[in-house]
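Engineer: take this sequence and fold it.
(one chain, ligands or ions: 2)
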Amino acid sequence: MLAAVPTPDHTTLTRYGWDDAWAALVPGSADGAAPGRVARVDRGRVDVLTADDRVHADPRGHALAVGDWVLVGDGTVTAVLPRRTALVRATVSGRSDAQVLAANVDTVLVTVPLDTGLRTGRVERLLALAWESGATPVVVLTKIDRDGEALVDALGDLAVAAPGVDVVPVSAVTGDGLAEVAAAARGTTVLVGPSGAGKSTLANALLGAETMATGAVRAVDGKGRHTTVHRELLPLPGGGVLVDTPGLRAVGVRDAAEGIDRAFADVVELAEACRFADCAHDREPGCAVQDAVGGGTLPARRLEAYRKLVREDEWAAARTDARLAAERRGRWKQVTKDQRAAYRARGR
Ligand SMILES: Nc1nc2c(ncn2[C@@H]2O[C@H](COP(=O)(O)OP(=O)(O)OP(=O)(O)O)[C@@H](O)[C@H]2O)c(=O)[nH]1
Ligand SMILES: [Zn+2]
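Structural biologist: Ligands and ions are numbered 1, 2, ... in the order given. Model (predicted):
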C-alpha cells in the first residue's frame, strides 16, 4: 500500500538501502509522510536522510537507532518500519539493559588490530554479537604493515577463532587489502572493534573524498587523538552505507545464545556427538567436546571461551528476569496502595 506516500527519488533512497520490501511495509495511512533513514541519533532529535533532504526530526518517543527506516512528516517521526536486523549489546557497568548500536545492518566488519596482540576472546565476543544481529560478520585484520612476522600466526589463530568467517588483512598505510575490504562491505556495513583498531582510518579510505563532504563527526580528545564520538550513517561511493561506531572496549552479551552458537559452530558441531543432550562439556561421560580437547583437535582455550560467553549470557538473562520481577513487585505494591487509598476515599 504505497498510494499515500509521495513518490520518492528512488535512486537516492536505494543508495541508502531502500528496496521494494521496505516500500511494501509503509502503512497505507502514511499520508504526507516521507520514508527516510536515520543517519544520526542525538538526545531528543534524530537526523533522517530522505530522498531529497536531510531533516532534523523529533523521534516522538520512538526508540530509534542509526539505520532505522522511518516515516517523517512535519519534522516528526510518524512511524518506524520493523527492523530486519539489529546490532545489540548489553550495556556494561552492572546493568543488563540492551543498547541497539545500529539497525538493519547487512555486514559487520570486526576490526582486529595486528599490532597489539590478537585478543582472541574479544574477537569471539564481537563475532557472537555480529551473528546474533542477523548480519554477516567479516574479520578485518588491520595494520598489517606494523608486523609482517606476526601475520601468519594471526591468520592461523583467526582461522580457529572465527570458523566460517572471511578474514581480510589490510593496511591503510600501504593500501594492501583495501579493495577486498570495500568488496566485503556489502549493503549496510558497520565497523566495530576496539578503540585504536583503525576503524576511522578504514572508514575514510572506504568513503574516499566523500567523507569531507558529508562531514563525519570527529572530536579531538585531550591527548589530541581523533576519536569517533558519534555513530553516523554515511553513503559509500560504490553503493551501500557505512556506520562508524565508537570503540567497543567492553561488549557484553545478552540474549545472544544463537549468535554464540554460530560463533562457536565448531564446538556446537562436536557437541552433537555428546552422549547427553544437555551435556555441559565439563566432566560428563561420553563428552565428545572434552574428547576433542583431550585429542588436541579443539583448543582448551576455545572451549573455555565458549563456556564463559554462555555463562555470561545466562547470567545477563537471569539478571533481566530478576529486575523485571522486581519491577512487577513494585508495580503491584503501587496498585495495592492505590486501591487502599481508593477504598479509604470511598468509605469517607
Ligand atoms: N601503521 C598503521 N597505522 C594505522 C593503520 N590504520 C590506522 N592506523 C593508526 O592507528 C591509530 C588509530 O586509528 P583510528 O582509525 O583512529 O582507530 P579507531 O578504531 O577509529 O579508534 P576509535 O575512534 O578510538 O574507536 C591512528 O593513529 C591511525 O593513524 C594502518 O593500517 N597501519
Ligand atoms: Zn559434551
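
Engineer: burial check on residue 11, number of neighbours?
Structural biologist: For residue 11, the number of neighbouring residues by other CB atoms under 10 Å comes to 9. Any C-beta I mention is one placed from the backbone N, CA and C, and that applies to glycine too.

Engineer: ok, now how distant is it from ligand 2?
Structural biologist: 54 Å (CB to the ion, to the nearest Å).

Engineer: swap in residue 140?
Structural biologist: 33 Å.

Engineer: how much space separates the closest residue in space to residue 231 that isn't next to it in sequence from residue 242?
Structural biologist: Nearest non-adjacent residue to residue 231, counting by CB to CB, 6 or more residues apart in numbering: residue 66, 4.6 Å away. Using CB to CB, to the nearest Å, residue 66 is found at 11 Å from residue 242.

Engineer: these two - which one has more neighbours?
Structural biologist: residue 66 (28 against 22).

Engineer: tally of neighbours for residue 296?
Structural biologist: Counted with other CB under 10 Å, residue 296 comes out at 8.

Engineer: no no, residue 276
Structural biologist: Around residue 276 there are 10 other residues, counting by other CB under 10 Å.

Engineer: wait, doesn't it sit right on residue 283?
Structural biologist: No. Taking contacts as CB atoms under 8 Å, residue 276 lies outside contact range of residue 283: 11.6 Å.

Engineer: now the common contact residues for residue 66 and residue 242.
Structural biologist: residue 233 (CB atoms under 8 Å, 6 or more residues apart in numbering).

Engineer: mind checking the SS state of residue 301?
Structural biologist: Assigned by DSSP: H, G, I helix; E, B strand; the rest coil, the conformation of residue 301 is helix.

Engineer: tell me who's in contact with it.
Structural biologist: residue 120.

Engineer: about what we covered before: A strand includes the residue nearest to residue 231, no?
Structural biologist: No. Assessed by three-state DSSP, residue 66 does not belong to a strand; its assignment is coil.

Engineer: how about residue 171: what's its closest non-neighbour residue?
Structural biologist: Residue 171 sits nearest to residue 145 (CB to CB, 6+ apart), 4.1 Å away.

Engineer: may I have the phi/psi pair for that neighbour?
Structural biologist: Dihedral angles of residue 145 (phi, psi; degrees, to the nearest 10) stand at phi -70, psi -20.

Engineer: ok, it touching residue 174?
Structural biologist: Yes. Residue 145 is in contact with residue 174 according to CB under 8 Å; the separation is 5.2 Å.

Engineer: picking that back up, give me the number of residues near the residue nearest to residue 171?
Structural biologist: Close neighbours of residue 145, defined as other CB under 10 Å, add up to 16.

Engineer: and the pLDDT at it?
Structural biologist: Per-residue pLDDT puts residue 145 at 94.

Engineer: how about it, what does it touch?
Structural biologist: 171, 173, 174, 176.

Engineer: could you measure the residue positioned nearest the centre of the chain against residue 181, distance?
Structural biologist: In the chain, the residue lying closest to the centroid (CA atoms, centre = their mean) is residue 87, at 2.6 Å. Here the criterion is CB to CB. By it, residue 87 lies 18 Å from residue 181.

Engineer: ranges for the helices of this protein?
Structural biologist: Along the chain, the stretches classed as helices by DSSP state H are 10-15, 20-23, 120-133, 150-161, 178-184, 199-207, 210-214, 257-263, 265-271, 288-294, 300-347.

Engineer: closest to residue 40 out of those?
Structural biologist: Taking CB to CB, helix 210-214 is the member of the helices of the chain nearest to residue 40, at 10.9 Å.

Engineer: returning to that earlier point: quick one: the residue nearest to residue 171 from residue 295, how far?
Structural biologist: Residue 145 sits 38 Å away from residue 295, going by CB to CB.

Engineer: now do residue 120
Structural biologist: When residue 120 is compared with residue 295 (using CB to CB), they lie 21 Å apart.

Engineer: which of the two has more neighbours?
Structural biologist: residue 120 (19 against 8).

Engineer: isn't that one right up against residue 157?
Structural biologist: Yes. Residue 120 lies in contact with residue 157 (CB under 8 Å); the separation is 6.1 Å.

Engineer: list residues touching both of the two?
Structural biologist: In contact with both residue 120 and residue 157: no residue, using CB under 8 Å, 6+ apart.

Engineer: in the stretch 1-150 of the chain, what residue lies closest to ligand 1?
Structural biologist: Nearest to ligand 1 in the stretch 1-150 of the chain, going by CB to the nearest ligand atom, is residue 143, at a distance of 3.9 Å.
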